[in-house]
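> take this sequence and fold it.
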Amino acid sequence: MLNYHVKIGLVPIRRDVTPRPGIFNWEKAEERCHKAVEYIESHFSGNHVSFVDLKGINEVDVLYNEKDVDAVIERFQKEKVDAIFLINGNFGNEEVAGMVAKAMGKPVLLWGPQDDSFLEDGTRYTDSQCGLFGMSRQLQRLNIPFTYIENCFIEEEVFAKGFQKFVSVACMVKNFKGLRIAQVGMRPKPFCSVIFNEGELMQKFSIQVVPVNLAVIKDKYDRILAERTEELKAGAKQIESMYEVDDLSAPVLEKVYAFVLLYKDIFEEYQVDAVSAECWTAMQLLVGAMPCTAYGILADMGYIIGCESDMHATITQVLLSCASLGEHRPFLGEFTTRHPEDKNTELLWHCGPFAYSLKKEGTPCKCVNMREWFAVKDGHYTVARIDQENGKYSILAGECDSAEGPYTFGTYLWAKFKNLSKWEKKLIEGPYIHHMSEIEGSYSDIIKEFCKYVPELSYDTVEE
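Got it, this is the predicted structure:
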């Protein structure tokens, strides 16, 4: 399963200089470092974030000497930090910053507090912005990608926004590298558009595809039907309480809920983070039921299952979920048809696998032939897709707002774009297909920042 908790190593840094009375006082730099660490730990620790600091590394809990670098690296490695935060207390120490960042190989955040006082005689104590320029250049020379919060006071909104953005990026990087995805069955025969390269995913991104044979699925599914009757009855009642169930679905609700138990077992047994599954042809022939409604229930349990064997869409949903730190549910709403009256509004639709929590209040919510039928709630959404051409991978990202539109079947969102014609042209000319993934919230900038840390993946958009 995906891990939405990010552990960050805090690295307060000052230049190791000989103290001179009244100018560039190193004690002032240490004081600023201590205050910054205390503020960050007290204001940003929580369910999604924890910190490892330098307390006890040396006599001042601030990194200023190369002899302490190994101890810092050892602590961070032992604590298994997911990212590091270089906090510049004065005019910088490029050497130690570069050494720690290079050795860790994790996402790097760079910031220094804005200087807050000038004495009447002209004295300045720290010049932290000056140090940021030197430290950033050293990171560049060492080919270390990094994220930057502009020189500001720590209480400013720009700091909080920049820090939260970095946490999302670090969560994406943490889960993307080494991702394990189960492939259940083969793609539907007509869907040449979802062909992917398993070898490239492993070579470029260390993404491991774990094949699950449909014979295994059939065996597990049949045993669930035979042995877990009480759970199935309870699940059928749950579905009845959630949806207006049609006559085709009512007799097979236990078989529908069996997919919930089946896929939970798949996640646990194969130790995977997501599943890409064949859904609308083989499953119906194999077991006499469709998994669409079960996918919606599983999504609200935190499981990501991409339908129609679309591996790239599944990976994209993982990234979107991580960008939100697991707070929102991604869904696969494909570009389907234009709004009959608004040229910039598109139907983002699929046959019925969206998270139940996405349904729009006060509108019909049905289970029709084992598929969900409902409109997605109003809001602002990020739209994205990873795809590839000739071994070159990119991720297309942009944003839209919900809009009013005609009622239709399946699960869907009427989405208004700034320029839908540009989106259509991009999807037609490729390398992307119309299977886009969506999530509530604004994450385009976060996706762009994430691509800094994945050299084989480039950022793409139609909105710049």
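> model confidence for residue 64, exactly?
With respect to pLDDT, residue 64 scores 93.
> how close does the nearest residue to residue 380 once chain neighbours are set aside get to residue 288?
Spatially, and ignoring its direct neighbours in sequence, residue 380 is nearest to residue 401 (5.4 Å; C-beta to C-beta, 6 or more residues apart in numbering). C-beta coordinates here come from the backbone N, C-alpha and C atoms, glycine included. From residue 401 across to residue 288, the span is 41 Å (C-beta to C-beta, to the nearest Å).
> looking at this, residue 317 is in a helix?
Yes. Checked against DSSP: H, G, I helix; E, B strand; the rest coil, residue 317 lies within a helix.
> re the thing from before, neighbour count winner among residue 401 and residue 288?
residue 401 (15 against 9; other C-beta atoms under 10 Å).
> so what strands line up beside the helix or strand hosting that one?
Assessed by DSSP states H and E, residue 401 sits inside strand 392-402. Using DSSP bridges, the strands paired with strand 392-402 are strand 380-389 (antiparallel), strand 411-416 (antiparallel), strand 457-460 (parallel).
> most neighbours per residue, which of those strands?
strand 411-416 (a mean of 24; mean count of other C-beta atoms under 10 Å).
> with just CA atoms, put that strand into CSV.
What follows is strand 411-416, C-alpha atoms only, in CSV (Å, rounded to 0.1, in the frame of the first residue of the first chain):
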residue,chain,number,x,y,z
THR,A,411,-19.8,8.1,-13.4
TYR,A,412,-18.9,11.5,-14.8
LEU,A,413,-17.8,15.1,-14.4
TRP,A,414,-18.7,18.0,-16.7
ALA,A,415,-15.4,19.9,-16.8
LYS,A,416,-14.8,23.4,-18.0
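> tell me the mean pLDDT over it?
98.
> report the distance from it to the chain centre.
Centroid separation for strand 411-416 versus its chain: 21 Å, with C-alpha atoms, centre = their mean, to the nearest Å.
> pull out the buried residues from the helix or strand that that strand is followed by.
Using DSSP H and E, the helix or strand that follows strand 411-416 in sequence is helix 420-429. Within helix 420-429, the residues that count as buried by 16 or more other C-beta atoms under 10 Å are 420, 423, 424, 426, 427.
> and the helix or strand just after helix 420-429, what does it pack against?
The element immediately downstream of helix 420-429 (helix or strand, assigned by DSSP H and E) is strand 437-440. The contact analysis (3 or more C-beta pairs under 8 Å, 6 or more residues apart in numbering; DSSP states H and E) places strand 437-440 against helix 311-323, strand 331-332, strand 380-389.
> following strand 437-440, which helix or strand comes up?
helix 444-450.
> please list the outside residues in contact with that following helix.
Contacts to helix 444-450, defined as C-beta atoms under 8 Å, 6 or more residues apart in numbering, come from residues 147, 165-166, 168-169, 172-173, 176, 319, 323, 382, 384, 395, 397-399, 459, 461, 463.
> now swap in stretch 133-144 and tell me
13, 86, 88, 91-95, 97-98, 101-102, 108, 110, 146, 148.
> average model confidence for it?
Stretch 133-144 comes out at a mean pLDDT of 96.
> tell me who's in contact with residue 261.
Here residue 261 is in contact with 224, 228, 231, 232, 235 (C-beta under 8 Å, 6+ apart).
> likewise residue 168?
322, 323, 324, 325, 443, 446.
> dump the helix or strand hosting it to CSV, keeping only the CA atoms.
Residue 168 belongs to helix 157-176 when assigned by DSSP H and E. The C-alpha trace of helix 157-176 is given here as CSV (Å, rounded to 0.1, in the frame of the first residue of the first chain):
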residue,chain,number,x,y,z
GLU,A,157,2.1,32.3,3.9
VAL,A,158,4.7,31.9,1.1
PHE,A,159,6.7,29.7,3.5
ALA,A,160,3.8,27.5,4.5
LYS,A,161,2.6,27.1,0.9
GLY,A,162,6.1,26.3,-0.3
PHE,A,163,6.7,23.8,2.5
GLN,A,164,3.4,22.0,1.9
LYS,A,165,4.1,21.8,-1.8
PHE,A,166,7.5,20.2,-1.1
VAL,A,167,5.9,17.7,1.2
SER,A,168,3.6,16.6,-1.6
VAL,A,169,6.5,16.4,-4.0
ALA,A,170,8.5,14.3,-1.6
CYS,A,171,5.5,12.0,-1.1
MET,A,172,5.2,11.5,-4.8
VAL,A,173,8.9,10.7,-5.2
LYS,A,174,8.9,8.4,-2.2
ASN,A,175,6.1,6.2,-3.6
PHE,A,176,6.9,6.5,-7.3
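> between helix 311-323 and it, find me the angle.
Here helix 157-176 runs at an angle of 140 degrees relative to helix 311-323 (axes from the mean of the first three to the mean of the last three C-alpha atoms, to 10 degrees).
> how many other residues sit next to residue 2?
So residue 2, with other C-beta under 10 Å, has 16 neighbours.
> scratch that, residue 44 is what I was asking about
Neighbours of residue 44 using other C-beta under 10 Å come to 17.
> now do the SS call for residue 101.
Quick answer, by three-state DSSP: residue 101 is helix.
> need the strands paired with strand 392-402 in a markdown table (columns: distance to residue 308).
Output for the strands paired with strand 392-402, formatted as a markdown table (distance: least, C-beta to C-beta, whole Å):
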| stretch | distance to residue 308 |
| --- | --- |
| strand 380-389 | 14 |
| strand 411-416 | 14 |
| strand 457-460 | 22 |
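> so which of those gets nearest residue 282?
strand 411-416 (21.2 Å; C-beta to C-beta).
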